[in-house]
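Q: All I have is the shape, not the residue letters:
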């Protein structure tokens, strides 16, 4: 790619990306055209394949001037893949397995279930190709070589579930393959199937996104897929298979409820069972008596240690996480038809809902998911999430088959209906022109992005009055900047995931404008790291007065429009 000493860099002539691929084309001295295709398979419906932490690089060459040329392909990786600390000792070896020649390297002193600078400190890295594949000989028409790179870890998650102590969960691929080398060889030889599946997934996402929101929406959704799925770890234990999610870059938490929530539209869209498998560890940990608080846990610890907080000392977001868990659980049940899941978790759902009855309409001074902006009392957007959570419980009670279901459902419906009526008085500044919701009840001159209204449409509740949706659409059009709609009046920040939520339920013209600004940000940001979800709304740069978020799975929220019921 031009970064190493030696030959002169080649000229990149084009680049394109799909949901699963990044494709670079290079001119090599006017004689050869080189196309480098990076494929990171995404398998929403095949957990075994999803558990393999490998990717492909296909390097294809053909003559650019019509003459034949002798071509060899050289590709390499270095020890920096194994550790962020470049003074660490690395052990290297190489081998041949089932026709695949490979380099293998790892930390000389690995530390299982530990990370440094977001990088695992255990497991073996592999870089392999078909034996003797690098010399392509005389080339006129297209020839290619295929390389595979990835990390193999036998044990992947340390999980405190329904047991007295944590259990070491293994990668799902270990239940099929006896060694990492066998897994590597199977993956490498499966290119044709993987490429075919990738083409189908790329086409589905492209076509669905185009039909829903045009080319701008295609650009956003296809960009988000690998970023969302790259955060997932498929793990197998004595009870079941789970899916864990890492909160990348912000603090490395595992199974963070308010990170799963903004990411969950992509999972609902591609396979609702993925959402269930993400929720399962949270339910198992809390229902086993490992969490003492009346509200939902915030996360299960620091990746890859999902050991929870038996003392209840996690980051407290009581209204936020109770609302998130109830909303996502109902969303899964509605899409999958699995009402038994509601019955199974009714006691905990009901416990959280009772907390929301007491604390959602007038939220105490507390954090919301936008914790980087600080705590605040009477948050309008947070209150709406809690109120929608209470309303969702009316549906859950009716679907769960509990004793006195109709009575319980009616109580939740009555309470939430009264709450939303009060909320429209407390949280809206109707004296301004145009009127809009406020950041908090007692701050009439403030405003904030009302992204939590999305859950009302996602669940098909038709609960929040239509005029609120229209009011917010009209307001957003008046504060739309070059790179989007600001998060709230406290800072000059924008959040791309929450803008996608708000755009999904906005009026068509405003939705189109919001997607346009998000694409402007993607194309115009001076940042050169994997796409951030928090940026300065005027410059597109990382905030100078806030945290730097990189490569977080919350961009699964770009699928908010596609996740809505038809």
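A: Received it, and whenever you're ready, just let me know what you need. This structure is a prediction, so every number in the text was calculated from the model and none was measured.

Q: What residues sit buried inside the longest helix along the chain?
A: Secondary structure of the chain per DSSP state H: the longest helix is helix 191-229. Within helix 191-229, the residues scored as buried using 16 or more other Cβ atoms under 10 Å are 191, 194-195, 197-198, 201-202, 205-206, 208-209, 212-213, 216-229. In short, each C-beta sits where N, CA and C put it, glycine included.

Q: cool, stretch 29-39 as well?
A: For stretch 29-39, by 16+ other Cβ under 10 Å, it's 32, 33, 34, 35, 36, 37, 38, 39.

Q: Can I get these in TSV including distance to residue 305, secondary structure and pLDDT?
A: Below are the buried residues of stretch 29-39 laid out as TSV (distance: Cβ to Cβ, whole Å; DSSP: H, G, I helix; E, B strand; the rest coil; pLDDT from 0 to 100):
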residue	distance to residue 305	secondary structure	pLDDT
32	49	strand	96
33	48	strand	97
34	43	strand	97
35	41	strand	98
36	37	strand	97
37	36	strand	98
38	31	strand	98
39	31	strand	98
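
Q: quick one on the thing from earlier: which strands and helices lie in contact with the longest helix of the chain?
A: Applying 3 or more Cβ pairs under 8 Å, 6 or more residues apart in numbering; DSSP states H and E, one finds that helix 191-229 makes contact with strand 32-39, strand 54-63, helix 257-270, helix 508-524, helix 560-563.

Q: Direction included, what does the following helix or strand past that helix pair against?
A: Going down the chain from helix 191-229, the next helix or strand is strand 232-236, by DSSP states H and E. Paired strands of strand 232-236, with direction, are strand 167-171 (antiparallel), strand 241-245 (antiparallel) (DSSP bridges).

Q: Quick one: residues in contact with the next helix or strand after the first one.
A: Same thing as strand 167-171. Next helix or strand after strand 167-171 toward the C-terminus (DSSP H and E): helix 180-188. Residues outside helix 180-188 that contact it (Cβ atoms under 8 Å, 6 or more residues apart in numbering) are 52, 54, 95, 97-100, 102, 124, 126, 128-130, 146, 148, 150, 152, 154, 173, 176-177, 194.

Q: among the residues you listed, which ones are buried?
A: Of the contacts of helix 180-188, these count as buried by 16+ other Cβ under 10 Å: 52, 54, 97, 100, 102, 124, 126, 128-130, 146, 148, 150, 152, 173, 177, 194.

Q: Go ahead and confirm residue 91 touches residue 108.
A: Yes. Judged on Cβ atoms under 8 Å, residue 91 makes contact with residue 108 at a distance of 4.8 Å.

Q: of all the helices and strands packed on helix 191-229, which lies closest to residue 444?
A: helix 508-524 (23.2 Å; Cβ to Cβ).

Q: Among the buried ones among the contacts of helix 180-188, which are located in helices?
A: Short answer: the buried ones among the contacts of helix 180-188 in helices (DSSP H) are residue 194.

Q: among the buried ones among the contacts of helix 180-188, which are in strands?
A: 54, 97, 100, 102, 124, 126, 128-130, 146, 148, 150, 152 (DSSP state E).

Q: Verify the contact between residue 490 and residue 440 for me.
A: No. Residue 490 is not in contact with residue 440 according to Cβ under 8 Å; the separation is 10.1 Å.

Q: more crowded one of the two?
A: residue 440 (21 against 15; other Cβ atoms under 10 Å).

Q: Let me see the contact set for the more buried one.
A: By Cβ under 8 Å, 6+ apart, the neighbours of residue 440 are 376, 377, 378, 379, 380, 446.

Q: Leaving out chain neighbours, which residue sits closest to it?
A: Nearest residue to residue 440, sequence neighbours excluded (Cβ to Cβ, 6 or more residues apart in numbering): residue 378, at 4.5 Å.

Q: Ok, residue 429 next?
A: Nearest in space to residue 429, with sequence neighbours left out and distances taken as Cβ to Cβ, 6+ apart, is residue 444 at 4.8 Å.

Q: Residue 341 reaches residue 332, doesn't it?
A: Yes. Contact criterion Cβ under 8 Å: residue 341 and residue 332 qualify, at 6.6 Å.

Q: Enumerate every residue touching residue 472.
A: Residue 472 sits in contact with 436, 437, 450, 453, 502, 506, where contact means Cβ under 8 Å, 6+ apart.

Q: Show me what the mean pLDDT comes to for the longest helix of the chain.
A: Mean per-residue pLDDT for helix 191-229: 98.

Q: With stretch 116-128 instead?
A: Computed over stretch 116-128, the average pLDDT equals 96.

Q: OK, contacts around the closest residue to residue 116 other than its chain neighbours?
A: Among residues not flanking residue 116 along the chain, residue 84 sits closest, at 5.4 Å (Cβ to Cβ, 6+ apart). Going by Cβ under 8 Å, 6+ apart, residue 84 touches 116, 117, 118, 119.

Q: Return the distance of the last one relative to residue 86.
A: When you say that, I think you mean residue 119. 12 Å (Cβ to Cβ, to the nearest Å).

Q: Next: the first one.
A: When Cβ to Cβ is the yardstick, residue 116 and residue 86 sit 12 Å from each other.

Q: Could you look up the SS state of the spatially most distant residue from the centre of the chain?
A: Distance to the chain centre peaks in the chain at residue 67, reaching 46.9 Å (criterion: Cα atoms, centre = their mean). Of the three states, residue 67 takes coil under DSSP: H, G, I helix; E, B strand; the rest coil.

Q: list the contacts for it?
A: Residue 67 neighbours (Cβ under 8 Å, 6+ apart): 31, 140.
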